[in-house]
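Enquirer: Got a predicted structure plus its sequence, pasted below:
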Amino acid sequence: MTFAHMVINESLRISSTSPTVHRIIDHELQVVDYTIPAGWIFMGYPCVHFNPEKYDDPLTFNPWRWEGKDLTAIVSRTYLPFGTGSRLCVGAKFAKLQMAIFIHHLSRYRWSMKTETTVLRRFMLMFPGGSDVQISQDTKVDNSVGY
């Protein structure tokens, strides 16, 4: 299931389950040219997932970028799909298990998204016109990718 874990990690990197992180600032914080006063609620986005200094070609879906890395990690300094610290989602491992089961069953079929589908990358992936996916049964399933 190594490749499935790589696909799950990349899916969570591209579209985080925690699109914003809310924190109450306990002391004045300087962010570039802006000062955020103590007591304000700060809403940060996990943009580190799209930082080209951390991930090569960050806007491209590439599960192979996880090859040779710890696939069981839920969070790191540059990968935080389930929040971090005391607010780490208690269901993180359960969510990854559900994704693995879904991928396992989906791999029995061929599926594709229509090329004219509009995909917007905002605080999360959005499909303003819906997501038209075509699914057909694949009689020759390639299990060589590690399922």
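Expert: Received the coordinates, thanks.
Enquirer: Could I get the full set of strands for the chain?
Expert: 21-24, 29-31, 34-36, 41-44, 109-113, 120-121, 125-126, 133-137 (DSSP state E).
Enquirer: Work out the gap between the first one and the centre of the chain.
Expert: Going by CA atoms, centre = their mean, to the nearest Å, the spacing between the C-alpha centre of strand 21-24 and its chain's C-alpha centre is 19 Å.
Enquirer: taking the mean pLDDT, what do you get for that strand?
Expert: Taken as a whole, strand 21-24 has an average pLDDT of 72.
Enquirer: Just the helices from the protein, written as ranges.
Expert: Shown for the chain, the helices assigned by DSSP state H span residues 2-14, 92-106.
Enquirer: looking at the strands of the chain, which is closest to Phe3?
Expert: Minimum separation from Phe3 across those (CB to CB) falls at strand 109-113, 16.6 Å. C-beta here means a position set from N, CA and C on the backbone, and glycine is covered the same way.
Enquirer: Sheet partners, orientation included, of the closest one?
Expert: Under the criterion DSSP bridges, strand 109-113 sits next to strand 133-137 (antiparallel) in its sheet.
Enquirer: Cheers, nothing more for now.
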